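Enquirer: Mind folding the following:
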Amino acid sequence: MIRAVCLDIAGVLYQGDAAVPGAADAVARLRAAGLPVRFLTNSSRSPKRAVLEKLARFGIAAAPDELFTPVAAARAWLDETGHRAHLLVHPALEEDFAGGDWQGPPAVVLGDAGAGFTYDRLNAAFRLLADGAPFLALAANRVFRDADGLLSLDAGAFVRALEYASGTEAQVLGKPAPAFFAAAVASTGCPPGTVAMIGDDAENDVAGALRAGLGQGVLVRTGKYRAGDETAVDPPPSHLADDLGAAVAHILNDAG
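Expert: Next up is the predicted model:
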């Protein structure tokens, strides 16, 4: 039986600058049923503050400790090792790395830099990797649904390019890393097998959650979903729903 729910954000709760219809009501129904809710995002163009503010504009209240981003994992790694972050990220994300007292050798930290993925910046990161710097990828998603409604390249293509050129494998910190799911699940106080994940990315959200031991992975047909995604991953989704509202109805039925 499901006792807590993890939600992807972009493509599930909102798309660009518009809420997914019924998303706020669906989250409210989960909370009214007493199920802890956690918000998990691989998005690395916006700082945590801005994500929380955007959710609030759409009527979705989320506390800072309910929102999980890969930056927290990156900062924890830097704190533990003392490496200095060489950031290849969107300028807006730099505030989430402020205040770190990291004085050691460099580690490349890559997020979705968008138009910041210039040759010079990629080459500077490559040279550090070629000299032995560790490689942290906040996420390695293939694509995302952009504000114009079309698919756009996500950070994964640039992660793979630097891996290929440098021979250094990136440590991926966001979904589908099991540790990322484990941190969110642990915060609910529920066993992993009683937690469901709802997302629009069959590979990173759904299959990743199931491989991490979550009890259900529900794929929604919004956001980046494309027909047939549910058949292209292993393990396959536990359930396929039209949108978040339908996914929540399914979860609440299982929650009893």
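Enquirer: Run a quick neighbour tally on Asp154.
Expert: Residues near Asp154, counting by other CB atoms under 10 Å, number 22. Using the backbone N, CA and C atoms, a C-beta is placed for each residue, glycine as well.
Enquirer: wait, doesn't it sit right on Asn141?
Expert: Yes. At 4.0 Å, Asp154 and Asn141 qualify as touching, with contact defined as CB atoms under 8 Å.
Enquirer: Chain neighbours aside, what residue packs nearest to Cys157?
Expert: Wrong residue type there; residue 157 is Ala, not Cys. Arg142 (7.2 Å; CB to CB, 6 or more residues apart in numbering).
Enquirer: quick one: pLDDT of that neighbour?
Expert: With respect to pLDDT, Arg142 has a value of 93.
Enquirer: Distance of it relative to Arg121?
Expert: Look at Arg142 and Arg121: by CB to CB, to the nearest Å, they are 21 Å apart.
Enquirer: Contact partners for Ile2?
Expert: Leu35, Thr194, Val195, Ala196, Gly215, Gln216, Ile251, Asp254, Ala255 (CB atoms under 8 Å, 6 or more residues apart in numbering).
Enquirer: Mind picking the lowest-pLDDT entry from those residues?
Expert: Ala255 (68).
Enquirer: Run a quick neighbour tally on Ala32.
Expert: Neighbour tally, Ala32, other CB under 10 Å: 9.
Enquirer: Over to Asn123?
Expert: By other CB under 10 Å, the residues close to Asn123 number 12.
Enquirer: what about it, distance to Pro64?
Expert: From Asn123 to Pro64 the distance is 36 Å (CB to CB).
Enquirer: just to revisit the earlier point, my guess is the residue nearest to Ala157 meets Asp154, correct?
Expert: Yes. Counting by CB under 8 Å, Arg142 does reach Asp154; the two are 5.9 Å apart.
Enquirer: list the contacts for the nearest residue to Ala23 once chain neighbours are set aside?
Expert: Counting by CB to CB, 6+ apart, Leu13 is the residue found nearest to Ala23 once chain neighbours are left out, at 4.6 Å. Shown in contact with Leu13 (CB under 8 Å, 6+ apart): Leu7, Ala19, Val20, Ala23, Val27, Phe39, Leu55, Phe58, Ile60, Leu244.
Enquirer: From what I see, Val195 and Leu35 are in contact.
Expert: No. Using CB under 8 Å, Val195 is not in contact with Leu35, being 9.4 Å away.
Enquirer: Quick check on the two: which one has the bigger neighbour count.
Expert: In this view Val195 and Leu35 are compared by other CB under 10 Å, and Val195 has more residues nearby, 25 against 21.
Enquirer: is the more buried one in a bridge, and if so with what?
Expert: Counting by DSSP bridges, Val195 is bridged to Ala4.
Enquirer: quick thing: my sequence starts at 858, can you match it?
Expert: From this message on, residue numbering opens at 858, which makes the last subject Val1052.
Enquirer: show me what contacts it?
Expert: Counting by CB under 8 Å, 6+ apart, Val1052 touches Ile859, Arg860, Ala861, Val862, Cys863, Val1042, Thr1045, Leu1071, Gly1072, Gln1073.
Enquirer: Could you list the residues in contact with the helix or strand bottoming out on mean pLDDT in the chain?
Expert: Within the chain, no helix or strand scores below strand 1000-1002, which has a mean of 90 by mean pLDDT, DSSP states H and E. Applying CB under 8 Å, 6+ apart, the contact partners of strand 1000-1002 are 867-868, 872-873, 900, 969, 1008-1011, 1057, 1080-1081.
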